[in-house]
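Q: Need a 3D model of the sequence below.
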Amino acid sequence: MKSKANLSLGYAGPEWDKKSQDRNNPNFWKYGVANLIFLDLTKDRKKIIDIGCGTGGSTLFLAEHAQLDQIIGIDPVKSMIEVAKQHALSRSLNLKADFVICDGRHLPFKQSCFDALVSRGDAFVFLVPQKAALLEFKRVMRKGAVLVLEIDNVQWTPGKIISCGLEKLNNGAIAYSIEYFDAKRNHFKVFYILNPQSAIFKKICKNEEFVQTGRLKRRFPLKKIRKETIEIRRSVVTHWPSIDETKTLFSKAGFTNIEIFGDGLLMRLLLEGEQKVTKAMKEQPELFFEIERKFVRFVDPKKAYTMILKASVR
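A: Take a look at the predicted model:
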């Protein structure tokens, strides 16, 4: 049995693009709110960088609605950038929006290029060590520039398994995956790649839910899974800082005017399955975004699903 570490098995561009635009996916809702908050907090900024832009959702939203001259979206996943460029062309935004394949910890830009930096979708938690990432952010930002980040405020219990189940990977393999969250707030995922000749593999290929979604939450004894595994992979480790740790990280990196807001007040109703509210939200998502946008400055971030951080460069 082979074992590999630090492999990223995330979404490909087209798959992620489809999920992020699906009204049944929580990301559709939190990203819609984040776009409006980014617009509010980066007013009058002319050159903006979007860290972890994915398929260009926020990059293109700001290119279309903000009074900016240029926005550059960066992401390490080639297929994400390819989809983002296609969207920019189809919406005639390619003169304002550019996209670059790179890691947020190693930006290919000169010092003091941007007067705003935005990042949504928890991109920051992948940039380990985060101290180094923040110094790189600060390097490319001008004096007085504003930074706005959206990060999930995870409430997982340290030291326990978060979830487990079967899923189909991008290369067609089927894996039994287990997610862990340790006492230091590090999150990682272990994939047990199943032998195509194994009993579990053959059985799952006939499961209607798995065939349709590529995922199935079901617990199996790990001892049994190991017997049917041909390879073990470990995903890239992410670190989810607490609110207090986040403030400390940014302060030590030299950022000032640090504010953290709570987001996701109405998201709770969606996730908890309030059917009437969910139906109304899906019929009028723009109204939901506006209501959530107005709540942001009044929600206790320690009790919110998501935190929005705003900071400035000295």
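Q: isn't Ser119 right up against Leu134?
A: No: judged on CB atoms under 8 Å, Ser119 makes no contact with Leu134 at a distance of 11.3 Å. Using the backbone N, CA and C atoms, a C-beta is placed for each residue, glycine as well.
Q: Between those two, which has more neighbouring residues?
A: Neighbour count, other CB atoms under 10 Å: between Ser119 and Leu134, Ser119 has more, with 26 against 21.
Q: Pull out the buried residues from the strand ranked longest in the chain.
A: Counting by DSSP state E, the longest strand found in the chain is strand 141-152. With burial defined by 16 or more other CB atoms under 10 Å, the residues of strand 141-152 counted as buried are 141, 145-152.
Q: neighbouring contacts of that strand?
A: Residues outside strand 141-152 that contact it (CB atoms under 8 Å, 6 or more residues apart in numbering) are 30, 34, 37-38, 41-42, 45, 112-122, 124-125, 137, 240-241, 246, 255, 263, 305-314.
Q: next one: stretch 215-229
A: With CB under 8 Å, 6+ apart, stretch 215-229 has contacts from 1, 163-168, 176, 178, 192-195, 198-201, 204, 207, 209-210.
Q: quick one: which of those residues sit in strands?
A: Counting by DSSP E, the part of these found in strands is 163-168, 176, 178, 192-194.
Q: Just checking the distance from the longest strand of the chain to the centre of its chain.
A: Chain-centre distance of strand 141-152: 16 Å, with CA atoms, centre = their mean, to the nearest Å.
Q: Show me how the chain divides into domains.
A: Following automatic domain parsing, the chain resolves into domains at 13-154+241-313, 156-238.
Q: any idea which residue sits dead centre in the chain?
A: Per CA atoms, centre = their mean, the C-alpha nearest to the average position across the chain is that of Gly121, at 2.6 Å.
Q: sec struct for that one, please.
A: With DSSP: H, G, I helix; E, B strand; the rest coil as the basis, Gly121 sits in coil.
Q: how about it, what does it touch?
A: Residues counted as contacts of Gly121 (CB under 8 Å, 6+ apart) are 27, 31, 34, 52, 54, 150.
Q: quick one, strands of this protein?
A: Ranges of strands in the chain, per DSSP E, are 2-4, 47-51, 70-75, 97-101, 114-119, 141-152, 160-168, 174-181, 186-194, 215-216, 229-234, 238-239, 255-263, 306-313.
Q: Quick one: closest of those strands to Asp17.
A: When these are compared by CB to CB, strand 70-75 sits nearest Asp17, at 12.1 Å.
Q: buried ones in the closest one?
A: Here strand 70-75 shows 71-75 as buried, counting by 16+ other CB under 10 Å.
Q: Nice, that's everything, thank you.
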